[in-house]
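> Dropping the sequence and predicted coords here.
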Amino acid sequence: MTVKKKFFYLFLAVFLLSTLVVTFFGKKGYVDIQRARKRYLELQVEVNKLTREKEKLEEEIKKLETDPRAIEKEAREKLWLVKPEEKILVKSKEKQN
């Protein structure tokens, strides 16, 4: 083999190796694309979760605007409101043997 052929093959090998390295590990390479794809899927899951939560809250708002029983239920649970004729029983948190 002549020196020119050896130099050409060496140049070709270095060029192909650098092309492979850049393709896999360079900016916008295979590794970055896989990372971005994984992040995209994670964000899709989060968007779906938040969409369901938003729908649930909108339904709750609608109930509170239209249903007096829903308002009463919220007042009883969150504000501890009771009717004048009702009595409250409070359980002790101590363990009973």
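Yes, it's here. Numbering: from 1, shown residues only.

> After the helix or strand encompassing Phe11, which helix or strand is next?
Phe11 is part of helix 3-25 when elements are defined by DSSP states H and E. Toward the C-terminal end, the helix or strand that comes next after helix 3-25 (DSSP H and E) is helix 30-66.

> now the angle from that following helix to helix 3-25?
10 degrees (axes from the mean of the first three to the mean of the last three Cα atoms, to 10 degrees).

> From the contact counts, what lies against helix 30-66?
For helix 30-66, the packing partners by 3 or more Cβ pairs under 8 Å, 6 or more residues apart in numbering; DSSP states H and E come out as helix 3-25, helix 68-79. Any C-beta I mention is one placed from the backbone N, CA and C, and that applies to glycine too.

> Kindly spell out which helices and strands sit in contact with the longest one.
Read that as helix 3-25. Counting contacts by 3+ Cβ pairs under 8 Å, 6+ apart, helix 3-25 is packed against helix 30-66.
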